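Novice: please work out how this folds:
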Amino acid sequence: YDSKCVFCRIARREETGTALLPCQYEDLVCFRDIRPGAPHHYLVVPVEHMGNCKTLKPEHIPVVKKMMEVGKAVLQRNNFNDLNDVRMGFHWPPFCSISHLHLHVLAPASQLGFLSRLIYRINSYWFIT
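Specialist: Predicted coordinates:
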C-alpha cells in the first residue's frame, strides 16, 4: 500500500468520491475513468500496489487475465455485449499518469473520438493491448 497512490486509496475505499463497481474478485477493483475516452471507459486495478505494465513478469499473467475478465464482465453488466468492439490495454511508461497497474477498458472502440483513437492506439509506443 502506498498512501501517496490514488489507486491504492481508491482500492481501500479511502477516496469517497470514486464509486467502485461490482467486481467478482476481492484482489481487484473496477471504477469509471474520470476522463472517459469512450461511452464505456472503466479502469480495472489490483488492490495490491503493483508498478506499471513494464514491471509485469510471466507470473503476473493470471492477474492480467483476471483484469480482462473483470473488464468484460463490467461491460456486460452495463448492457454492452459486442466484445469485438472493445479496446483494452495499458499505457506504456512514461505515458501513464499513475504508476499503479491499471487496465483501460473502452467500448465501443468504434466510437472513440479522434483524440481517444490516438491516446488508446493499439500497440503504439504509448499503449499496449
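
Novice: Arg32 against His41, yeah?
Specialist: Yes: using C-beta atoms under 8 Å, Arg32 is in contact with His41, at 6.7 Å. For every residue, glycine as well, the C-beta is placed using N, CA and C.

Novice: so these two - more neighbours on which side?
Specialist: Looking at Arg32 and His41 with other C-beta atoms under 10 Å, you find the greater number of neighbours at His41, namely 19 against 16.

Novice: need the per-residue pLDDT for that one.
Specialist: We have a pLDDT of 97 for His41.

Novice: which ones are touching it?
Specialist: His41 sits next to 32-33, 104-106 when contact means C-beta atoms under 8 Å, 6 or more residues apart in numbering.

Novice: so who does Leu112 touch?
Specialist: Neighbouring residues of Leu112 by C-beta under 8 Å, 6+ apart: 37-38, 87, 106, 120.

Novice: wait, isn't Gly113 in contact with Gly37?
Specialist: Yes: with contact defined as C-beta under 8 Å, Gly113 reaches Gly37; the gap is 7.3 Å.
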